[in-house]
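In: sequence and predicted model, in that order:
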Amino acid sequence: MQTLINQLNDKGQRVGYWENYHDYRGNRNLWHKGYYKDGKKDGYWEDYYCNGTLYSKGHWKDGKRDGYWEEYWSNGNLWFKGYYKDGKKDGYWEEYNLEGNPYSKGYYKDNHNDSLWKWYSTDGTLDETRFYANIN
């Protein structure tokens, strides 16, 4: 049984599993893959650089990032990992530089720095620590 992809509902909205491709230097590479519900991204998605390297992976809910996400530099090293809630950064985050060394670690609440944050120099040694009080 073959899975149907890139389907529209009777309202013309994207539904179910979708894949998009792009041409890069004569090659057809996967660009995005994931699920839609009533025209909005909903469920697990992966995105790729035009050379085929993974760019990001994570979950969408009702068209907004929601849950755990990872994004990568074009060289394949992890850029960041962290949590979204209703499209906003919310929870523990780690960011890394292009070489793969830590850049920052800390918590977000409602898209703002919250609680303890640490920043690192380019070689990965601890450079600065700050505490944020996110008052809304």
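Out: Arrived safely.

In: what's the domain layout of this protein?
Out: With domains defined by automatic domain parsing, the chain comprises 14-70, 77-136.

In: any chance of the ones you listed in a markdown table, with mean neighbour count, mean pLDDT and distance to Leu4 too?
Out: Using the backbone N, CA and C atoms, a C-beta is placed for each residue, glycine as well. Shown next, in a markdown table, are the domains of the chain (neighbours: other Cβ atoms under 10 Å; pLDDT from 0 to 100; distance: least, Cβ to Cβ, whole Å):
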| stretch | mean neighbour count | mean pLDDT | distance to Leu4 |
| --- | --- | --- | --- |
| domain 14-70 | 15 | 95 | 7 |
| domain 77-136 | 15 | 94 | 28 |
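
In: make JSON lines out of these and add distance to Leu8.
Out: Shown next, in JSON lines, are the domains of the chain (distance: least, Cβ to Cβ, whole Å):
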{"stretch": "domain 14-70", "distance to Leu8": "6"}
{"stretch": "domain 77-136", "distance to Leu8": "24"}
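
In: between those domains, which gets nearest to Asn6?
Out: Closest approach to Asn6 among the domains of the chain (Cβ to Cβ): domain 14-70, 5.2 Å.

In: now the end-to-end length of the closest one.
Out: Start-to-end span of domain 14-70 (Cα to Cα, to the nearest Å) is 24 Å.

In: distance from the chain centre to it, please.
Out: Relative to its chain's centre, domain 14-70 lies at 10 Å (Cα atoms, centre = their mean, to the nearest Å).

In: again with stretch 122-136
Out: How far stretch 122-136 lies from its chain's middle: 22 Å, per Cα atoms, centre = their mean.

In: again with stretch 113-124
Out: With Cα atoms, centre = their mean, you get 20 Å for stretch 113-124.

In: same question for stretch 80-98.
Out: Distance of stretch 80-98 from its chain centroid, counting by Cα atoms, centre = their mean, is 8 Å.

In: give me the contact list for it.
Out: The contact list for stretch 80-98, computed with Cβ atoms under 8 Å, 6 or more residues apart in numbering, reads 58, 61, 64-71, 73, 75, 77-79, 102-111, 122.

In: please apply the same query to stretch 25-38.
Out: 9, 11, 13-23, 41-48, 50-52, 60, 62.
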